[in-house]
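Colleague: Pasting the sequence and the predicted coordinates here, then a few questions.
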Amino acid sequence: MTRITFIAIFFHLAFLMQAQLNSNDPVVAHRGAWKKDNLPQNSIASLRNAIKMGCMGSEFDVRMTSDDVLIVHHDPDISGLKIDNEKYAQLSKFPLSNGEILPTLEDFLREGLVDNHTTKLILEIKSSDLGKKRNIKVAHAVANAIIEHHAEKQVVIISFDIEILKIISDKYPVLSTQYLNGDLSPKELKALGIKGVDYHYDVFKSHPEYITQAKELGLFLNVWTVNNPNDMEFFLEKGFDFITTNEPELLYGFVRKNIPIKDWQLVWRDEFTNDGLPDTTKWSYDVGGHGWGNNEKQYYLSNSLKNSYQKNGILHIVALNEPYENSEYTSAKLTTYGKFLFQYGKIEVSAMLPAGKGTWPAIWMLPQSIRTKEEDWPLCGEIDIMEHVGKNPNVVHTSLHSKLYNHIINTQVTHFDTLEAVSRQFHTYGIEWDDKGIKFIYDGALYFEALKGENGKITTNEGWPFDKPYYLILNLAIGGNWGGPIDPDILPAEMQVDYVRMYKKI
Ligand code: MG
């Protein structure tokens, strides 16, 4: 292939991808696309991320400081200081968690318009505790800033405060507005000149007539904050113009159902969308503190909110420096045993690993046969999708164990390599598994492949025990034969899991 042809094809593909992103995928990243890369909400970095993803919109919150600087921040205070009463110079002494200086609306408009023809800036005006007069001032200041940047077509103003929106729609009819509070019908909003209905999903569920009414009146439909897969499907099906979510990647997965996971059908998933303990229909616990065959130092507890909980769509498995019975530490080990067994297919787990000496997180699988006591370890087999010991930061291991090839006799099938920032970023760890072998896939790329019978290895159950149903295990061990000496200062330490998805080949 000539270079020019190659370049032409590359640009053609890039164009096609761009065209796809420019289509009417109604994904609005709530406070930017922050979650996957662990960025601060309402940061320039999360805005840039949403633009890079090609989101239809990136939402952010605007407030005004006492010296009339419009800033981007959700809460009414910063480090205990009331934004209403403090000057920008004082507030900007507190950087965001990624080191960014507290962004202003000016920063957002400047950054948000560079190389961006796709992503609308969904600008929420927060009302001030100082009252109506202050809100009027903020409304005018925001509108003028947008007009100065010639960003009228690219910004949508949203607010819970109907008075703020009334000022914008009366004085600046060129600007698009959407109301958040849920207490007015689309008809009432239309009469006030508001251009869109942006309500909590419960409002639309209890008032389904709002959806048809808004469409008839030509109002935009937006909904917040939709993180649950079932709700995503519901609002996509209803043809919403915008769906505001903390999970833009997940929503894209729905929008383009078959594009990222062609040939695979999702058969089991947990996106950890409800806050609290893990879902008991999906997970059970292994409990105990007997060392688990490796002299591990933790006691695994069940139903312990401190050791295993979900929040904002993330599962946290937490090891604590707290004694329990004869163990010095507590932690959790979740398994799908008794809930879901899996043989052949694709597994993808998005996780961020703990840092620190003594931590030993793992994503792995054992077969049903060890539970039914038909087979002991290592005859039963073991699939280690991901193991990481904190004493060797970023070195990530995959292994297969069997009667003939296992770590006790140092003959296991294994591979390790160094990844980037495993404790600061989510990576996906997974396998593609069929009757010919197991591919270990990290971040969508082949990490290691083990083929049945490779290098003359025995292919009976003693050498390849991977043709039977297995269950998935997520745990965080502390110390032990491989975890090694423990630095107690690093506790609590946690493995965070964004999602677990399992697919069957179509
Ligand atoms: Mg907001």
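Modeller: Thanks, I have the structure now.
Colleague: just checking, Trp464 touches Ile458?
Modeller: Yes. In this structure, Trp464 is within contact of Ile458 by C-beta atoms under 8 Å, at 7.2 Å. Where you see a C-beta, it was placed from the backbone N, CA and C, and this is true even at glycine.
Colleague: Those two - which one has more neighbours?
Modeller: Trp464 (24 against 14; other C-beta atoms under 10 Å).
Colleague: pLDDT score for the residue in the chain sticking out farthest from the centre?
Modeller: Computed with C-alpha atoms, centre = their mean, the residue of the chain farthest from its C-alpha average is Gly456, at 41.9 Å. For Gly456, the model assigns a pLDDT of 90.
Colleague: Ok, Thr428 next?
Modeller: Per-residue confidence (pLDDT) for Thr428: 93.
Colleague: quick check, it in a helix?
Modeller: No. Going by DSSP: H, G, I helix; E, B strand; the rest coil, the assignment for Thr428 is strand, not a helix.
Colleague: and the gap between it and the ion?
Modeller: Distance from Thr428 to the ion, counting by C-beta to the ion, to the nearest Å: 28 Å.
Colleague: about what we covered before: show me the contacts for the residue farthest from the centre of the chain.
Modeller: Listed by C-beta atoms under 8 Å, 6 or more residues apart in numbering, Gly456 has no contact partners.
Colleague: Distance check, it against Ser369.
Modeller: 26 Å (C-beta to C-beta, to the nearest Å).
Colleague: Leu221: which element?
Modeller: strand 220-224 (DSSP states H and E).
Colleague: ok and the residue in this structure nearest the ion?
Modeller: Using C-beta to the ion, the closest approach of the chain to the ion is made by Glu124 at 4.0 Å.
Colleague: any idea whether the residue lying closest to Val267 once chain neighbours are set aside is helix, strand or coil?
Modeller: Closest residue to Val267 apart from its sequence neighbours, by C-beta to C-beta, 6 or more residues apart in numbering: Lys504 at 5.0 Å. What three-state DSSP gives for Lys504 is strand.
Colleague: coming back round to it: check the residue of the chain closest to the ion and give its pLDDT.
Modeller: pLDDT, Glu124: 98.
Colleague: For it, give the beta-bridge partners.
Modeller: Beta bridges link Glu124 to Asp61, Ile158, judged by DSSP bridges.
Colleague: Now do the contacts for Leu184.
Modeller: Taking C-beta under 8 Å, 6+ apart as the test, what Leu184 contacts is Ile162, Leu192.
Colleague: tell me which element it falls in.
Modeller: Applying DSSP H and E, one finds Leu184 in no helix or strand.
Colleague: how about the nearest residue to Gln368 once chain neighbours are set aside, what does it touch?
Modeller: Of all residues not flanking Gln368 in the chain, Pro469 sits nearest, at 5.2 Å (C-beta to C-beta, 6+ apart). Pro469 makes contacts with Leu341, Phe342, Gln343, Pro367, Gln368, as judged by C-beta under 8 Å, 6+ apart.
Colleague: what bridges to the fourth one?
Modeller: Here Pro367 shows beta-bridge partners Tyr470, assigned using DSSP bridges.
Colleague: can you give me the helices for the stretch 201-350 of the chain?
Modeller: For the stretch 201-350 of the chain, the helices defined by DSSP state H, counting those that start in this stretch cover 201-206, 209-217, 229-237, 248-255.
Colleague: Just put those in JSON lines and tack on mean pLDDT, distance to Gly480 and mean neighbour count.
Modeller: Listed next are those as JSON lines, based on pLDDT from 0 to 100; distance: least, C-beta to C-beta, whole Å; neighbours: other C-beta atoms under 10 Å:
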{"stretch": "helix 201-206", "mean pLDDT": "96", "distance to Gly480": "45", "mean neighbour count": "16"}
{"stretch": "helix 209-217", "mean pLDDT": "95", "distance to Gly480": "55", "mean neighbour count": "16"}
{"stretch": "helix 229-237", "mean pLDDT": "87", "distance to Gly480": "36", "mean neighbour count": "16"}
{"stretch": "helix 248-255", "mean pLDDT": "84", "distance to Gly480": "34", "mean neighbour count": "21"}
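Colleague: can you put the ones you listed in a markdown table and add distance to the ion?
Modeller: Shown next, in a markdown table, are the helices of the stretch 201-350 of the chain (distance: least, C-beta to the ion, whole Å):
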| stretch | distance to the ion |
| --- | --- |
| helix 201-206 | 15 |
| helix 209-217 | 20 |
| helix 229-237 | 18 |
| helix 248-255 | 15 |
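Colleague: what's the distance between the residue farthest from the centre of the chain and Lys166?
Modeller: Gly456 is 78 Å from Lys166, by C-beta to C-beta.
Colleague: what does the domain assignment say about the protein?
Modeller: Domain ranges of the chain: 27-258, 336-505, per automatic domain parsing.
Colleague: Where does pLDDT dip in the stretch 151-300 of the chain?
Modeller: Filtered on pLDDT under 70, the stretch 151-300 of the chain yields the residue ranges 256-262.
Colleague: List, one by one, the residues from it near the ion.
Modeller: Within the stretch 151-300 of the chain, no position is near the ion by C-beta under 5 Å from the ion.
Colleague: could you show me where the strands are in the stretch 151-300 of the chain, in order?
Modeller: Using DSSP state E, counting those that start in this stretch, the strands assigned to the stretch 151-300 of the chain run over residues 155-159, 176-179, 196-200, 220-224, 242-245, 264-270, 284-285, 298-300.
Colleague: From what I see, Leu113 and Glu152 are in contact.
Modeller: No. Counting by C-beta under 8 Å, Leu113 does not reach Glu152; the two are 11.6 Å apart.
Colleague: Show me what Trp268 is bridged to.
Modeller: Met502.
Colleague: so who does it touch?
Modeller: Contacts of Trp268 by C-beta under 8 Å, 6+ apart are Lys282, Thr336, Phe340, Phe342, Val500, Arg501, Met502.
Colleague: that older thread, in contact with the residue of the chain closest to the ion, which residues?
Modeller: Applying C-beta under 8 Å, 6+ apart, the residues near Glu124 are Glu59, Phe60, Asp61, Val62, Ile157, Ile158, Ser159, Leu180.
Colleague: Turn the contacts of Pro469 into CSV, including neighbour count.
Modeller: Shown next, in CSV, are these (neighbours: other C-beta atoms under 10 Å):
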residue, neighbour count
Leu341, 17
Phe342, 19
Gln343, 15
Pro367, 24
Gln368, 17
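Colleague: from these, which is closest to Leu251?
Modeller: Ranked by distance to Leu251 (C-beta to C-beta), these are led by Phe342 at 25.5 Å.
Colleague: That closest one contacts Tyr470, correct?
Modeller: Yes. Here Phe342 lies in contact with Tyr470, judged by C-beta under 8 Å, at a distance of 5.9 Å.
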